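Asks: A structural model of the following input is requested.
(one chain, ligands or ions: 1)
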Amino acid sequence: MSNHKQAQLDLLRRWEGNPAITIDDIPFRANTVFNGPPIVTDDGVYLLLRVEGQHGYSFFALARSKDGLNFTIDEKPVMLPAKEGPFAKYETKGIEDPRVTIIDGICYVVYTAVGPCGPRIALAKTEDYINYERIALISEPGNKDGILFPKKIRGRYARLDRPIGIGKGSIWVSYSPDLINWGDSEVIISPRGGYWDDYRIGASVTPIETEQGWLEIYHGVKMTSAGPIYRAGLVLLDLEDPAKVIKRGDSPILSPREDYERIGDIGNVCFACGAVIDDDGNMKIYYGAADTSICIATCTLNQLLEEGF
Ligand code: BMA
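Replies: Down below sits the predicted model:
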């Protein structure tokens, strides 16, 4: 598909080097790689990759780049499901979908711990991107897509998450004094009947602070007779009270169209997992494609705010 054609269809532009990372780039035997949020370091952009091993469960590996585009992957995984201690029984089916937020200079990772009771949200932190210290399990089962806001809101830490509720799942906000104990939960947005996000939604990218509000890139799922289609869309939330929706985009900003998004372990998936914004507003958005590769799309923050709604 030509870029000209794409420009008419999606607000985001695909990087011509896509897919940026595939299983061929992984230096150890594994099944697939997808959904890697970026971490801006002194040494360039790193990605904390979700890798699914051939046994079937997921863990994390580290990809490093100078330019945010061309990555090399560390020889060994950096975080595996816990084998002992209080997390072990909740991670027997793997650890999935890490999301990274820097708060006061500390790199936090919220991830999904998957065990026999279902998925629950867990929190870890890292100083060197290689060693990860687990802090706490911060939800009961039936919850995923947890992401921390990058700063406190009205004196408390805040997070987005997706308790599954009545089977469809909405995006919620919760607050905490210490990152461990969470409460005052409020629903923000729910699936919209008849829309591209009519089946399930979840937060995808660490909320981006703008003058207009918190910009959140979320994923929405439409269920079809051929299975789900995962797309990315926008919602803008009040800076002081993120449960207040300022506006929500009608249309997605990225939909599966290319073969590498259509075909894979789970076809028809564009699953955004993080963004890097340069000082001039240029953005790189990292997304998992068809649960089979990591891809990159670009745009500017202004474009998202002006054309995405
Ligand atoms: C979600 C997560 C994502 C995945 C998506 C599509 O529930 O597990 O990691 O990309 O499904 O399979």
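Asks: in the chain, what spans have low per-residue confidence?
Replies: By pLDDT under 70, the low-scoring segments of the chain are 1-7.
Asks: what do you get if the cut-off is 50, keeping everything else the same?
Replies: Within the chain, the ranges that satisfy pLDDT under 50 run 2, 4.
Asks: what's the residue closest to the geometric middle of it?
Replies: In the chain, the C-alpha nearest the mean C-alpha coordinate belongs to C273, at 2.7 Å (CA atoms, centre = their mean).
Asks: My read is that that residue contacts V33, right?
Replies: No. Here C273 does not reach V33: they are 12.0 Å apart, not a contact under CB atoms under 8 Å. Quick note: C-beta positions are derived from backbone N, CA and C, even for glycine.
Asks: Quick check: residues of this structure near the ligand?
Replies: F34, N35, E96, D97, Y230, I266, V269, F271, G288, D291 (CB under 6 Å from any ligand atom).
Asks: list the contacts for the residue nearest to the centre of the chain?
Replies: By CB atoms under 8 Å, 6 or more residues apart in numbering, the residues touching C273 are N35, G36, P37, D97, R99, S204, V205, Y286, Y287, G288.
Asks: how would you label it: helix, strand or coil?
Replies: strand (DSSP: H, G, I helix; E, B strand; the rest coil).
Asks: quick one: buried residues of stretch 42-57?
Replies: Neighbour-count burial for stretch 42-57 flags V45, Y46, L47, L48, L49, R50, V51, E52, G53, Y57 (criterion: 16 or more other CB atoms under 10 Å).
Asks: Make TSV from the residues you listed and add distance to E306 to it.
Replies: Output for these, formatted as TSV (distance: CB to CB, whole Å):
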residue	distance to E306
V45	26
Y46	30
L47	28
L48	31
L49	32
R50	32
V51	37
E52	38
G53	43
Y57	42
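Asks: Just put the residues of the chain next to the ligand in a markdown table and tack on neighbour count and secondary structure.
Replies: Converted to a markdown table, the residues of the chain next to the ligand look like this (neighbours: other CB atoms under 10 Å; DSSP: H, G, I helix; E, B strand; the rest coil):
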| residue | neighbour count | secondary structure |
| --- | --- | --- |
| F34 | 30 | strand |
| N35 | 27 | coil |
| E96 | 21 | strand |
| D97 | 26 | strand |
| Y230 | 31 | strand |
| I266 | 16 | coil |
| V269 | 25 | strand |
| F271 | 27 | strand |
| G288 | 30 | strand |
| D291 | 19 | coil |
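Asks: And the strands in the stretch 151-300 of the chain, which stretches?
Replies: For the stretch 151-300 of the chain, the strands defined by DSSP state E, counting those that start in this stretch cover 157-163, 171-176, 183-189, 200-203, 208-210, 213-224, 227-237, 245-248, 270-277, 282-289, 293-300.
Asks: how about those strands in JSON lines, adding distance to V110?
Replies: Below are those laid out as JSON lines (distance: least, CB to CB, whole Å):
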{"stretch": "strand 157-163", "distance to V110": "7"}
{"stretch": "strand 171-176", "distance to V110": "12"}
{"stretch": "strand 183-189", "distance to V110": "15"}
{"stretch": "strand 200-203", "distance to V110": "10"}
{"stretch": "strand 208-210", "distance to V110": "16"}
{"stretch": "strand 213-224", "distance to V110": "14"}
{"stretch": "strand 227-237", "distance to V110": "18"}
{"stretch": "strand 245-248", "distance to V110": "22"}
{"stretch": "strand 270-277", "distance to V110": "12"}
{"stretch": "strand 282-289", "distance to V110": "16"}
{"stretch": "strand 293-300", "distance to V110": "19"}
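Asks: right, and those strands - which one's nearest D24?
Replies: strand 293-300 (9.5 Å; CB to CB).
Asks: and the closest one, what does it pack onto?
Replies: If you count contacts as 3 or more CB pairs under 8 Å, 6 or more residues apart in numbering; DSSP states H and E, strand 293-300 packs onto strand 13-14, strand 32-34, helix 259-262, strand 282-289.
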